[in-house]
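Trainee: below is the structure, and that's it, no one-letter string:
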Ligand SMILES: Nc1ncnc2c1ncn2[C@@H]1O[C@H](COP(=O)(O)OP(=O)(O)O)[C@@H](O)[C@H]1O
Ligand SMILES: [Mg+2]
C-alpha cells in the first residue's frame, strides 16, 4: 500500500508542464506543441492544453480524431486561462506525465499563468527580422514571470540550404543577448511539419525515419532530460 502510494506520489510530483510561448504569431507554437505531443504520446501519457482563444490545437484534434480514429494520444483540453489550475489538477489526477500548453500569440492574460505553471518554457524562434525583434517581448514576459531559468529557445523552421549557418548564428546571438538559453536541437524548415498535421498526424507518424521525425525526437529527448532535474527537485 505504502509502495503504491509512493509511486503514485512520484508520478504526481513528476508531471512535466511545458508552456510554449512567443509574442510572435506564426513562430511555430502550435506546430511545436502538436509535434512534441504526438512524439511523446507514443510512450507517455500526454495532454495538450490549448489556451489560445483561436483554439487551433483543439480544432486540429477533432480532425485527428475524425481521420485517424485516435482518441487520447495525446489528449486535449481547451478553455480560458482561469481554468488552467483546474485542468492541471485533472491532468495530475489522471496521471499525465507531460502537459504541453499552447498559448496565444499576443500579449494575453493567459501567458503569465502558463509561464508560472511551467516546469519548462519553450520559445520557438524563426529567423526573420520580425521574429528576432519580437524575441525581446517574449524575453520580457519570461523575466516578468521569473521563468528565465526554465526557458529554452527552440530554433524553428531553420533553412535547410546555404543560409542555414548564418540563420542559426543570428538567432543564437539574438537569444544570447537576452540571456536566453538556446536548445542545440532545432527544427528545420520542412514541409513535413505542416503537411501531416493537415490529416491529423505528426511527423513521427507520417515519416518515422525522415529528417523531421528525427529532429522532433531529438528535441523531445533533450528537453525531457533538461526538465528531469527540475521536476525531480520540486
Ligand atoms: N519547422 C517548420 N517548417 C515548416 N513550416 C513550419 C514549421 N514550423 C511552423 N511552420 C508553419 O508556420 C506556420 C505557423 O505555425 P504555427 O504553429 O501555427 O505558429 P503559431 O502557433 O506560433 O502561430 C504554419 O503554417 C506552420 O505549418
Ligand atoms: Mg498557434
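Mentor: In hand now; what should we look at? If you're wondering where the values come from, they're calculated on a predicted model, not measured in any experiment. Ligands and ions are numbered 1, 2, ... in the order given.
Trainee: quick check: residues of the chain near ligand 1?
Mentor: Residues of the chain lying near ligand 1 by C-beta under 6 Å from any ligand atom: 22, 25-31, 105, 156-157, 187, 189-190, 193-194. In short, each C-beta sits where N, CA and C put it, glycine included.
Trainee: tell me which of these fall in helices.
Mentor: The helices, defined by DSSP state H, take in 29-31, 193-194 from the residues of the chain next to ligand 1.
Trainee: top of those residues by number of neighbours, please.
Mentor: Among those, residue 29 has the most neighbours (other C-beta atoms under 10 Å), with 27 neighbours.
Trainee: that residue and residue 180, how far apart?
Mentor: 16 Å (C-beta to C-beta, to the nearest Å).
Trainee: quick one: least confident of the residues of the chain next to ligand 1?
Mentor: Among those, residue 105 carries the lowest pLDDT, at 86.
Trainee: of the residues of the chain next to ligand 1, closest to ligand 2?
Mentor: residue 30 (3.3 Å; C-beta to the ion).
Trainee: find me the pLDDT at residue 107, would you?
Mentor: The score at residue 107 is 77. That number is its pLDDT.
Trainee: list the contacts of it.
Mentor: Residues counted as contacts of residue 107 (C-beta atoms under 8 Å, 6 or more residues apart in numbering) are 23, 137, 141.
Trainee: what's near enough to touch the first one?
Mentor: Residues in contact with residue 23, defined by C-beta under 8 Å, 6+ apart, are 105-107, 134, 137-138, 141.
Trainee: residue nearest the centroid of this structure?
Mentor: Per C-alpha atoms, centre = their mean, the C-alpha nearest to the average position across the chain is that of residue 33, at 4.0 Å.
Trainee: what is the nearest of the contacts of residue 107 to ligand 2?
Mentor: Ligand 2 lies nearest to residue 23 out of those, by C-beta to the ion, at 12.3 Å.
Trainee: looking at the contacts of residue 107, which is nearest ligand 1?
Mentor: Of all these, residue 23 has the smallest distance to ligand 1: 9.8 Å, by C-beta to the nearest ligand atom.
Trainee: stretch 59-75: end-to-end distance?
Mentor: This stretch, stretch 59-75, spans 13 Å end to end (C-alpha to C-alpha, to the nearest Å).
Trainee: verify the stated contact: residue 73 with residue 44.
Mentor: No - counting by C-beta atoms under 8 Å, residue 44 is not a contact partner of residue 73; they are 9.6 Å apart.
Trainee: just to revisit the earlier point, which of the ones in helices among the residues of the chain next to ligand 1 sits closest to residue 217?
Mentor: Using C-beta to C-beta, residue 193 is the member of these that sits closest to residue 217, with 13.4 Å.
Trainee: cheers, nothing more for now.
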